[in-house]
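# Quick one, what's the 3D model for this:
(one chain, ligands or ions: 1)
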Amino acid sequence: MYPLKRNRRLRANDAIRGLVRETIISPNDFIVPLFVTEGKGLKEEIPSMPNYFRYSIDLLEKEVKELWSLGLKSVLIFAKVPEHLKDQKGSEALNPNGLMQRAVKTVKNACPDMLVMTDVALDPYSSLGHDGIIENGKVLNDASVEVLAEMSLSHVVAGADFVAPSDMMDGRILAIRELFEDEGYVDAGIMSYSAKYASAFYGPFRDALDSAPVDLIDVPKDKKTYQMDYANRFEALRETEMDIDEGADIVMVKPGLCYLDIVRDLKNEVNVPVAVYQVSGEYSMLKAAAEKGWLNHDAVMLEQITAIKRAGADIIASYFAKDVVKLLNQ
Ligand code: PBG
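All right, here's what the predicted structure looks like:
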């Protein structure tokens, strides 16, 4: 007895595989994270993120024009704030002439149609390395939300199209939305990091921005009182539904690969676009294995990106965006 149905017919050659392929990657899928730094003429490689760079403002123009020419039309900006500008309240985050605000203007000038998103959280601005304000050893929720809303406003005043709050304080989406409406920025969007887990995969990013929590008594050692416990699944839906009710236009799961069950859950349950952040540690892991010759970099990269999209991601923020698009163009 031979099988009547033979699934291998649909895998017999490249043409038939192409016809039946369910998941196609394109430049439209990506948001490119951009790290900016003070100084001139700087393109600094991040030691724990091989071939990923921090750019000074004067070199940003060239980089975003290259992204645009590759078909990459969205960036997410992160600022590496000089140590002397950090304080306990993140005051520099509101500076209309701060590094982030100048970066937004520079990208918009260089590439007016580029969609500009900005990271909203206090950690790069905080002398203590936390996403909110700390008092008596605790990360305060409501006081942090007030600053985060003002910070968001300053980004859209500078020209950002979307803000991306990554802080995980309760109620920040509503506070940001209300402030935008009150101030007349009704078209400014919010991409909420709605299901962001307390993950060890953020290590290289904290190197990139020098933003890790400082090791002092009375400063929480980790972000577990605001970022989610990675053991939890249903909590992600709760968090995400609340953010949608508060006005999030796009929601997000972060990190990516270890959390694809959550991505699928959200995709099945919510009707706003779902973004996934494939984070720094995921990038560095593959770079390291490929450097050792243990994994085929391009093949594994494409497999991972495709898996993220297959799981339900409508949008992927990834440090691999440029590499992937170059590979697709070959
Ligand atoms: C800041 C922020 C982090 C990331 C994005 N925004 C770090 C953190 O929460 O500690 C991580 C991104 C990455 O690892 O690539 N709130």
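
# Pull out the buried positions in stretch 69-77.
70, 72-77 (16 or more other CB atoms under 10 Å). To be clear about C-beta, it is placed using only N, CA and C from the backbone, and glycine gets the same treatment.

# And for stretch 101-114?
101-108, 111, 114.

# what sits up against it?
34, 36, 57, 60-61, 64-65, 67-68, 73-75, 77, 79, 95, 116, 118, 154-155, 157-160 (CB atoms under 8 Å, 6 or more residues apart in numbering).

# ok so, going back, any idea which of the buried residues of stretch 69-77 is the one closest to the ligand?
Of all the buried residues of stretch 69-77, the ligand sits closest to Leu76, with 8.7 Å by CB to the nearest ligand atom.

# And that closest one, what's its pLDDT?
At Leu76, the model reports a pLDDT of 98.

# swap in Pro3?
The predicted local confidence for Pro3 is 88.

# For burial, what's the neighbour tally of it?
For Pro3, the neighbour count with other CB atoms under 10 Å is 7.

# Please, where are all the strands along the stretch 1-150 of the chain?
30-37, 43-46, 49-56, 74-80, 115-120, 133-135, 138-140 (DSSP state E, counting those that start in this stretch).

# Repeat that for the stretch 201-330 of the chain.
250-254, 274-278, 315-318.

# Please identify the most buried of the ones you listed.
Across those, the average number of neighbours (mean count of other CB atoms under 10 Å) peaks for strand 274-278, which reaches a mean of 28.

# Excluding chain neighbours, give the residue nearest to Phe320 in space.
Spatially, and ignoring its direct neighbours in sequence, Phe320 is nearest to Met301 (5.2 Å; CB to CB, 6 or more residues apart in numbering).

# what's near enough to touch the one you found?
286, 320, 323-324, 327.

# wait, what's in contact with the closest residue in space to Ala188 that isn't next to it in sequence?
Closest residue to Ala188 apart from its sequence neighbours, by CB to CB, 6+ apart: Val156 at 4.1 Å. By CB under 8 Å, 6+ apart, the contact set of Val156 is 163, 180, 185, 188.

# now do Leu216
Applying CB under 8 Å, 6+ apart to Leu216 gives the contacts Leu128.

# 10 Å - rerun?
127-129, 134, 137 (CB atoms under 10 Å, 6 or more residues apart in numbering).

# quick check, nearest of the residues you listed to the ligand?
Gly129 (8.4 Å).

# returning to that earlier point: mind checking the SS state of the residue nearest to Ala188?
helix (DSSP: H, G, I helix; E, B strand; the rest coil).

# Over to the one 4 residues further on?
Secondary structure assignment for Ala160 (three-state DSSP): coil.

# mind checking how far it is from the ligand?
From Ala160 across to the ligand, the span is 15 Å (CB to the nearest ligand atom, to the nearest Å).

# what about stretch 96-104 and the ligand, any contact?
No - under the criterion of CB under 6 Å from any ligand atom, the ligand is not reached by stretch 96-104; the shortest gap measures 12.6 Å.

# Please renumber the chain so that the first residue is 473 from this point on.
Okay, using 473 as the starting number, the last item reads as stretch 568-576.

# So what's the gap between that stretch and the chain middle?
18 Å (CA atoms, centre = their mean, to the nearest Å).

# Also stretch 686-701?
Distance, centroid of stretch 686-701 to centroid of chain: 20 Å (CA atoms, centre = their mean).

# Could you list the buried residues of it?
Neighbour-count burial for stretch 686-701 [16+ other CB under 10 Å]: 691-692, 695, 698-700.

# These: which ones sit near the ligand?
Lys695.

# Show me what residue of the stretch 473-622 of the chain gets nearest to the ligand.
Closest point on the stretch 473-622 of the chain to the ligand, by CB to the nearest ligand atom, is Ala593, at 3.5 Å.

# who touches that residue in this structure?
550, 562, 565, 602-604, 616, 620, 623, 636-641, 644, 665, 668, 683, 698.

# all helices for the stretch 673-802 of the chain, in order.
675-681, 706-718, 732-741, 752-763, 769-783, 793-801 (DSSP state H, counting those that start in this stretch).

# which one of these lies closest to Asp687?
Asp687 sits nearest to helix 675-681 of all these, at 12.7 Å, using CB to CB.

# Now do that closest one: which elements does it pack against?
Contacting helix 675-681 under the criterion 3 or more CB pairs under 10 Å, 6 or more residues apart in numbering; DSSP states H and E are the following elements: strand 502-509, strand 515-518, strand 521-528, strand 546-552, helix 752-763.

# again, only this time at 6 Å
helix 752-763 (3 or more CB pairs under 6 Å, 6 or more residues apart in numbering; DSSP states H and E).

# quick one: is the helix it packs on near the ligand?
Yes - applying CB under 6 Å from any ligand atom, one finds helix 752-763 in contact with the ligand at Ser752.

# Which neighbouring elements make contact with that helix?
Packing partners of helix 752-763 (3+ CB pairs under 6 Å, 6+ apart): strand 521-528, helix 675-681.
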